[in-house]
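Chemist: Attaching a predicted model along with its sequence, questions to come.
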Amino acid sequence: MKLILVTGMSGAGKSVALKALEDYGFESLDNIPPAFLQAIAHSAAQRRNLAVGSDVHSSGFSVDELVKAIEPLRENPALEFKLVFLDSDDEILRRRFAETGRKHPLLPDRTILDGSRYERQLIDALKDRA
């Protein structure tokens, strides 16, 4: 079974990527807390390929928790596991948020650029693991 974990910057296109993976026959789940990844991978072992989104929108998300959750997935010989990190330039992220009128999920009372810069500091370590 293939398991693709999609993460990255808010506004970088994770939901679009998950929808595209559905077009290629994957089941997809979005905003999954890292603590649930093992159970989801285990329960899906006999099913179709699976694409899962987990990011700052997910309950209980932290880089440390996500890293802890993916290590056993990488070591599982029954899984073809991939970690995909989506990113975009801060100005493009700002424009995408402006188009939708949404606020940044981490700093809703600040500018989108402030939120994106803060998020980048929090999750940049994931980029190296992808």
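Modeler: Okay, I see it.

Chemist: after the worst-scoring helix or strand of the chain on mean pLDDT, next one along is what?
Modeler: Ranking every helix and strand in the chain by mean pLDDT, DSSP states H and E puts helix 37-43 at the bottom, with a mean of 85. The C-terminal neighbour of helix 37-43 among helices and strands, as given by DSSP states H and E, is strand 50-53.

Chemist: Who are the packing partners of that following strand?
Modeler: strand 2-8, helix 14-23, strand 27-29, helix 37-43 (3 or more CB pairs under 8 Å, 6 or more residues apart in numbering; DSSP states H and E). Where you see a C-beta, it was placed from the backbone N, CA and C, and this is true even at glycine.

Chemist: Sheet-wise, list the partners of it with their directions.
Modeler: strand 2-8 (parallel), strand 27-29 (parallel) (DSSP bridges).

Chemist: Format the helices and strands packed on strand 50-53 as a markdown table; extra columns: distance to Gln121.
Modeler: A markdown table is the format used below for these (distance: least, CB to CB, whole Å):
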| stretch | distance to Gln121 |
| --- | --- |
| strand 2-8 | 14 |
| helix 14-23 | 19 |
| strand 27-29 | 27 |
| helix 37-43 | 23 |
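
Chemist: Pick the most buried one from those.
Modeler: The highest mean neighbour count among these, using mean count of other CB atoms under 10 Å, belongs to strand 2-8: a mean of 23.

Chemist: Just want the angle from that one to helix 14-23.
Modeler: 160 degrees (axes from the mean of the first three to the mean of the last three CA atoms, to 10 degrees).

Chemist: what's the distance between strand 2-8 and the middle of its chain?
Modeler: Relative to the chain's own centre, strand 2-8 is displaced by 7 Å; criterion: CA atoms, centre = their mean, to the nearest Å.

Chemist: mind saving the C-alpha coords of it as CSV?
Modeler: The C-alpha coordinates for strand 2-8 follow below in CSV (Å, rounded to 0.1, in the frame of the first residue of the first chain):
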residue,chain,number,x,y,z
LYS,A,2,1.2,3.5,-0.8
LEU,A,3,0.8,6.2,1.9
ILE,A,4,1.5,9.8,1.1
LEU,A,5,1.6,12.3,3.9
VAL,A,6,1.1,15.9,2.6
THR,A,7,2.2,18.7,4.8
GLY,A,8,3.6,22.2,4.4
